[in-house]
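K.L.:
3D, please:
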Amino acid sequence: MDTPDSDTTSIPEVRTLAERVFHQLQDAIVRGELPPGSKITEPGLSKAYGISRGPLREAMRRLEAHRLIERVPHVGARVVKLSMKELMELFDVREALESMAARIAAEHMTAAEIAGLREVLAMHEQQSDLARGEAYYQREGDLDFHYRIVQGSHNRMLMALLCDDLYYLVRMYRTQFSASGSRPQRAFVEHHRIVDAIEAGDAELAELLMRRHVAASRENVLARYAASLEGDDQPSVVSRPLVAPGH
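P.N.:
Residues are numbered from 1 along each chain as shown. So this is what the prediction gives:
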């Protein structure tokens, strides 16, 4: 149990620590180090991270708000694990909203924002995993191609839904079941075509290309997810610290 001093020592410091732990846990979940469905406990995480329960609770509240963890009656907190039906529904929503975002982006995206998209693709082209035909991993935030297009729509409602609400959940499944084989190169070409349409101001084509692109991604993720279920044996505890104790 926390002492009164532990929660009142330095509020900015506690928030900074909670922020750090939130990002560490978020990254661990997205990359699959904390697998979907795995149980997580405050005592276990507190011991692994070497921090008091106050900052940890704040970090876990943020993870829950981003739909990365959930509270299950009589079970406790666990990493979200979508069923096949729920994953299909997630991608259905993503297909509809991201294609809409691409259409609006073609009407409102600035020349500087489009140049930024080109820079992102140039960076992705240098990734060794893309050249080898392995997982096409995209980094978080402004370096993420899809994130930038949603931001470029300048539609606050879409930005809230896709960037704040669904973004991390989508990123988790996209990262853990990302494309391999010939799909990474095709996805990269599709990205260029989408940017071409946006730059040309062709809203209808941008919407169509994004819809097809997300649909292809959905089929890849669903196939790989279904294959993963055949040998599903996920650990249920935190097995090692992700940051040094005391940090």
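K.L.:
Might one say that residue 69 is in contact with residue 81?
P.N.:
No: in this structure, residue 69 is not within contact of residue 81 by Cβ atoms under 8 Å, at 10.4 Å. Backbone N, C-alpha and C define where each C-beta goes, glycine included.
K.L.:
Tell me which of these two has more neighbours.
P.N.:
Using other Cβ atoms under 10 Å as the criterion, residue 69 and residue 81 rank with residue 69 on top: 22 against 14.
K.L.:
got a pLDDT number for the more buried one?
P.N.:
At residue 69, the model reports a pLDDT of 93.
K.L.:
so which strand or helix has the closest residue to it other than its chain neighbours?
P.N.:
Spatial nearest neighbour of residue 69, chain neighbours left out: residue 63 (4.6 Å); criterion: Cβ to Cβ, 6 or more residues apart in numbering. Assignment of secondary structure by DSSP states H and E places residue 63 within helix 53-65.
K.L.:
ok, and for that helix, which residues are buried?
P.N.:
Going by neighbour count (16 or more other Cβ atoms under 10 Å), the buried part of helix 53-65 is 53-60, 62-63.
K.L.:
Partner strands of the helix or strand just after that helix and their direction?
P.N.:
Following helix 53-65 in sequence order, the next helix or strand is strand 69-72 (DSSP H and E). Under the criterion DSSP bridges, strand 69-72 sits next to strand 76-79 (antiparallel) in its sheet.
K.L.:
outside of the strand it pairs with, which residues touch it?
P.N.:
Residues from elsewhere that reach strand 76-79 (Cβ atoms under 8 Å, 6 or more residues apart in numbering): 29, 34-42, 60, 64, 68-72.
K.L.:
which residues does residue 206 contact?
P.N.:
With Cβ under 8 Å, 6+ apart, residue 206 has these contacts: 102-103, 105-106, 194, 197-198.
K.L.:
What's the ChimeraX line that selects buried ones from the contacts of strand 76-79?
P.N.:
In ChimeraX, a selection of the buried entries from those looks like this (16+ other Cβ under 10 Å):
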select :29,34,35,36,38,39,40,60,68,69
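K.L.:
Which pLDDT value belongs to residue 216?
P.N.:
Looking at residue 216, the pLDDT reads 89.
K.L.:
just for the protein, where's the confidence low?
P.N.:
For the chain, the stretches with pLDDT under 70 are 1-15, 127-143, 178-183, 231-247.
K.L.:
Show me it divided up by domain.
P.N.:
17-81, 84-231 (the TED database).
K.L.:
quick one: residue 84 from residue 152, how far?
P.N.:
As judged by Cβ to Cβ, to the nearest Å, residue 84 and residue 152 stand 32 Å apart.
K.L.:
For the residue nearest to residue 41 when sequence neighbours are not counted, give the beta-bridge partners.
P.N.:
Computed as Cβ to Cβ, 6+ apart, the closest residue to residue 41 that is not its neighbour in sequence is residue 76, at 6.3 Å. When assigned by DSSP bridges, residue 76 has beta-bridge partners residue 72.
K.L.:
any idea how far residue 76 is from residue 101?
P.N.:
Residue 76 is 36 Å from residue 101, by Cβ to Cβ.
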